[in-house]
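Q: Any chance you could fold what I've pasted below:
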Amino acid sequence: MGGVLSGDRVFNDTKAIHNVDRQMLHNHDPTLSVSCPEVTTEMHDRLNFPKVELHLHLDGAARFDTLLELSQQKGISLAGAKTVEELKKVLVTHEPANLSKVLEAFEIFLPVIRGDLSAIERVAYELCEDQHNNGVVYFEGRYSPHLLLSNDYPEVTAAHVVAAVKKGFDRGEKQFGIKARSILCCIRGLDKKFPQLILDLATDLKQLGVVAIDVAGSAHGADEQYEPEVVAAFQEAFKRGIHRTVHAGESGGPKEVLRAIEDMHAERIGHGYRVMRDEQMYIDNFVNSKTVHLEACPYSSVMTGAVPLDWKNHPISRWAEDDVNFSISRDDPTCFDNSMLSELTLSHKQVGLNVHQLWKAQLNAARSCFLPEDEKAELVKLVQAGEPPRP
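A: Purely as a prediction, here's the structure:
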């Protein structure tokens with residue numbers, strides 16, 4: 001069951017939107033719990049180079065204290081949570097392969113944000129501050145503007161949502177010297193007109209910092225079997241010169257990744273871990289060719305069951321060894337309570353990437369970002385200047 005599209009608005013059943021095929025999950029010991037590593041002063045100093053984050057869901061990146069404040073102002077319960085610690089227990093996933101808990105979190109906290117343009121602007125602005133505190137100099141926040149609409153705010157359109165995000169990003173850029181841009185997401189399983197609406201918004205709202213389109217799973221599962229309308233929208237985006245990233249190889253397999261590249265003209269793949277199930281496909285498309293970028297989110301990948309809990313054999317270990325074009329991001333920090341510093345610390349201490357490899361991931365991200373070429377060149381130069389010593 002998906003959302004119903006009416007004009008420029010999607011009225012959705014969030015629970016249905018985020019429903020997934022549970023059979024896609026790995027089987028893990030449900031008692032096993034994993035937390036993001038603590039970032040020590042030593043690691044903070046070692047990771048003191050400019051960072052770039054490409055795979056970040058804006059609607060999954062709200063601060064816990066902000067959510068609490070908004071819930072109290074609006075009288076909307078956050079599953080009974082009254083403190084930040086209580087809210088973290090409700091929202092944050094530390095159980096491997098517990099994708100259901102990740103998705104349930106959105107059902108709990110998004111109602112306090114939807115339709116409220118000041119709240120959406122605030123989330124965007126605060127995200128800039130959080131990124132700045134982690135040494136991030138550029139990031140792209142992705143979201144479906146239609147899923148941030150609400151019947152309680154009938155005057156608010158998807159374009160208004162994008163403008164509110166832009167206002168927050170602009171304030172953040174001015175105050176913290178950080179740069180941020182928007183990626184607009186199609187959602188699988190919604191009205192057939194939805195992909196075209198997203199494409200048209202991305203075409204018309206470039207002046208509001210929109211740099212690309214994306215597509216993610218929804219009511220019909222996270223199986224990455226994207227509808228013909230979605231594929232057609234990405235083909236049209238290619239013709240229009242709109243940048244493209246596609247969620248693939250997270251719950252689907254190598255065939256879904258190849259389809260994203262060949263049929264949807266994906267320049268970047270969101271997650272992509274399961275390309276490792278087809279060695280030749282991996283070598284042909286990511287080792288021998290560096291054209292397509294892989295957006296990895298290590299902590300998320302285990303929590304959602306995309307990969308097993310086996311850090312030393314995590315796909316990014318092989319990707320770093322093979323010098324694949326990949327970067328490291330967080331996915332949904334509200335669901336994982338992670339920062340860029342904690343994600344890089346995890347990749348270093350648990351997966352085993354050295355500091356230079358972590359920096360190279362930032363350089364890959366800068367080179368694969370969706371900024372105009374002149375701005376991208378400046379970003380690449382900034383990241384290159386922070387290169388740490390080779391091991």
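Q: make it CA atoms for all contacts and neighbour counts henceforth
A: Noted.
Q: Tell me the predicted confidence for His314.
A: Looking at His314, its pLDDT reads 97.
Q: check contacts around it.
A: Applying Cα atoms under 8 Å, 6 or more residues apart in numbering to His314 gives the contacts Pro298, Val307, Val351.
Q: Likewise for Arg390?
A: With contact set as Cα under 8 Å, 6+ apart, Arg390 has these partners: His356.
Q: Look at it and report its pLDDT.
A: Arg390 is assigned a pLDDT of 92 by the prediction.
Q: and it, what element?
A: Using DSSP states H and E, no element contains Arg390; it sits outside every helix and strand.
Q: His55 now?
A: Assigned by DSSP H and E, His55 falls in strand 51-57.
Q: can you check Ile198 too?
A: If you go by DSSP H and E, Ile198 is part of helix 194-204.
Q: how about the helices in the stretch 51-200 of the chain?
A: All helices of the stretch 51-200 of the chain, identified by DSSP state H, counting those that start in this stretch, fall at 64-74, 84-91, 99-109, 117-133, 158-176, 194-204.
Q: Let me know the average pLDDT across the last one.
A: Meaning helix 194-204. Taken as a whole, helix 194-204 has a mean pLDDT of 97.
Q: ok so, going back, which member of the contacts of His314 is positioned nearest Leu190?
A: Ranked by distance to Leu190 (Cα to Cα), the contacts of His314 are led by Val307 at 27.2 Å.
Q: ok but the closest one is inside a helix, no?
A: No: counting by DSSP: H, G, I helix; E, B strand; the rest coil, Val307 is not part of a helix but coil.
Q: I'd guessed it sits against Ser301; true?
A: Yes: using Cα atoms under 8 Å, Val307 is in contact with Ser301, at 5.8 Å.
Q: just for the stretch 151-300 of the chain, where's the confidence low?
A: 218-222 (pLDDT under 70).
Q: Just the strands from it, written as ranges.
A: Under the criterion DSSP state E, counting those that start in this stretch, strands of the stretch 151-300 of the chain are mapped to 179-187, 210-216, 243-248, 268-271, 293-296.
Q: Adding distance to Phe64 and mean neighbour count as columns, could you present these in a markdown table?
A: A markdown table is the format used below for the strands of the stretch 151-300 of the chain (distance: least, Cα to Cα, whole Å; neighbours: other Cα atoms under 10 Å):
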| stretch | distance to Phe64 | mean neighbour count |
| --- | --- | --- |
| strand 179-187 | 21 | 25 |
| strand 210-216 | 24 | 25 |
| strand 243-248 | 26 | 27 |
| strand 268-271 | 25 | 27 |
| strand 293-296 | 24 | 28 |
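Q: The residue nearest the centre of the chain - nearest residue in space that isn't next to it in sequence?
A: The chain has Leu56 as the residue nearest its centroid, 2.9 Å off, counting by Cα atoms, centre = their mean. In this structure, Leu56 finds its nearest non-sequential neighbour in Asp331, 4.6 Å apart by Cα to Cα, 6 or more residues apart in numbering.
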